[in-house]
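Peer 1: Sequence first, then the predicted structure, then my questions.
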Amino acid sequence: MKKITPFLWFDGRAEEAMKFYTSIFKDSKAGKIRYYGKGGPAPDGSVMSASFEINGQEFIAFNGGPMFSFTPAISLFVNCISQEEVDEYWEKLSEGGQKQRCGWLLDKFGLSWQIVPEILGQLLEDKDPEKAKNVMNAMMQMDKLDIAKLKQASQTVSKNGDGKTSVTVENTISAPVDKVWKYWNGTEHITKWCQASDDWFAPHAENDAQTGGKFKTVMSAKDGSYSFDFEGVYTSVRPLQSIEYDMTDGRKVKISFIDQGGSTQVIETFDAEDSNPVEMQKTGWQAILDSFKKYVESN
């Protein structure tokens with residue numbers, strides 16, 4: 001037995017609860033059932049407790065009688081990596097119970113659960129307070145949490161602390177985070193995906209992907225009509241997690257790589273420049289990110 005084990009009080013339904021919970025979670029198993037004896041406060045031979053495990057966490061369900069019941073002051077938090085997981089646990093755990101606001105539910109035994117996508121915490125911790133506020137406001141309107149709508153709420157064009165317009169684009173790559181990181185930073189790969197459309201290409205790339213390092217990607221029109229250097233200095237590099245850099249004109253960029261268990265979400269936030277419409281810039285950056293997704297998934 002582990003040092004600390006959640007001990008859940010039921011009124012005669014401990015074995016039923018054990019079977020219910022272990023039927024829902026894939027990585028779970030039923031444990032030992034103990035029975036009251038003749039000297040106990042319950043009928044001889046009735047179930048006293050039932051132990052079980054969910055994802056390596058042991059629980060004990062105890063039949064203690066009607067004196068105490070669950071309250072939302074104690075809840076079980078389920079961390080979900082996909083909308084499919086959110087949907088599954090939301091429907092199964094709430095069966096016979098009650099669906100509530102903001103991802104909370106009561107199961108049929110009165111125990112509170114929170115069914116929460118992993119990305120919610122990351123969105124609520126965004127450095128842009130306006131984006132975090134938008135995500136919080138969106139969440140407060142939901143019962144079951146919807147990842148797509150939470151992301152949409154975070155992708156608001158807003159003003160950052162320097163008064164510059166901040167823009168966010170994102171995509172989910174069907175590849176593990178180590179591959180995504182390698183293809184994002186390897187110069188032999190950058191030249192294959194860093195273009196917003198088929199009439200552009202990247203003939204040359206340099207990249208010293210470490211804090212204080214510099215990068216430069218030459219971006220050229222295929223007809224030779226125009227070419228420019230996209231370059232900057234890294235201010236923070238956390239391998240397999242995030243990249244931050246300053247462009248030569250002082251604008252800032254942050255890229256987050258979120259491991260979703262076999263796939264990777266890439267969220268890119270950049271300061272817009274003043275000479276072109278913001279929506280046009282967002283479309284261009286999104287197109288490059290889409291090109292990256294296509295390249296990674298096809299190689």
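Peer 2: On my side now, so go ahead.
Peer 1: Show residues contacting the strand or helix carrying Ala287.
Peer 2: Secondary structure from DSSP states H and E places Ala287 in helix 278-297. By CB atoms under 8 Å, 6 or more residues apart in numbering, the surrounding residues in contact with helix 278-297 are 157, 165, 167, 169-175, 179-180, 183-184, 189, 192-197, 266, 268, 270, 272-273. Bear in mind the C-beta positions are built from the backbone N, C-alpha and C, glycine included.
Peer 1: tell me the mean pLDDT for it?
Peer 2: For helix 278-297, mean pLDDT rounds to 93.
Peer 1: try stretch 144-158
Peer 2: For stretch 144-158, the per-residue pLDDT averages 82.
Peer 1: Which residues belonging to that stretch are considered buried?
Peer 2: Buried residues in stretch 144-158, counted by 16 or more other CB atoms under 10 Å: 144-147, 150-151, 153-155, 158.
Peer 1: Dump those into JSON lines; add secondary structure and distance to Ser69 as well.
Peer 2: Shown next, in JSON lines, are the buried residues of stretch 144-158 (DSSP: H, G, I helix; E, B strand; the rest coil; distance: CB to CB, whole Å):
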{"residue": "Lys144", "secondary structure": "coil", "distance to Ser69": "25"}
{"residue": "Leu145", "secondary structure": "coil", "distance to Ser69": "26"}
{"residue": "Asp146", "secondary structure": "coil", "distance to Ser69": "31"}
{"residue": "Ile147", "secondary structure": "helix", "distance to Ser69": "33"}
{"residue": "Leu150", "secondary structure": "helix", "distance to Ser69": "32"}
{"residue": "Lys151", "secondary structure": "helix", "distance to Ser69": "37"}
{"residue": "Ala153", "secondary structure": "helix", "distance to Ser69": "36"}
{"residue": "Ser154", "secondary structure": "helix", "distance to Ser69": "38"}
{"residue": "Gln155", "secondary structure": "coil", "distance to Ser69": "42"}
{"residue": "Ser158", "secondary structure": "strand", "distance to Ser69": "45"}
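Peer 1: And these, which two are furthest apart?
Peer 2: For these, the maximum inter-member distance is 26.8 Å, found between Lys144 and Ser158 (CB to CB).
Peer 1: Nearest to the spatial middle of this protein, which residue is it?
Peer 2: With distances taken as CA atoms, centre = their mean, Ile119 lies nearest the centre of the chain, 2.3 Å away.
Peer 1: just checking, that residue touches Gln265?
Peer 2: Yes: between Ile119 and Gln265 there is a contact under CB atoms under 8 Å: 6.9 Å.
Peer 1: After the helix or strand where Glu91 lies, which helix or strand is next? Please name it.
Peer 2: Assessed by DSSP H and E, Glu91 sits inside helix 83-94. Scanning forward in sequence from helix 83-94 by DSSP H and E, the next helix or strand is strand 98-99.
Peer 1: List the strands paired with whatever helix or strand comes next after that following strand, with their directions.
Peer 2: Of the helices and strands lying after strand 98-99 in sequence (DSSP H and E), the nearest is strand 104-106. In the sheet, strand 104-106 lines up against strand 98-99 (antiparallel), strand 112-117 (antiparallel) (DSSP bridges).
Peer 1: Columns distance to Val86, mean pLDDT and mean neighbour count on top of the ones you listed, output as a markdown table?
Peer 2: As requested, the strands paired with strand 104-106 are exported to a markdown table (distance: least, CB to CB, whole Å; pLDDT from 0 to 100; neighbours: other CB atoms under 10 Å):
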| stretch | distance to Val86 | mean pLDDT | mean neighbour count |
| --- | --- | --- | --- |
| strand 98-99 | 12 | 96 | 14 |
| strand 112-117 | 6 | 98 | 20 |
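Peer 1: Since that was my last question, I'll sign off now.
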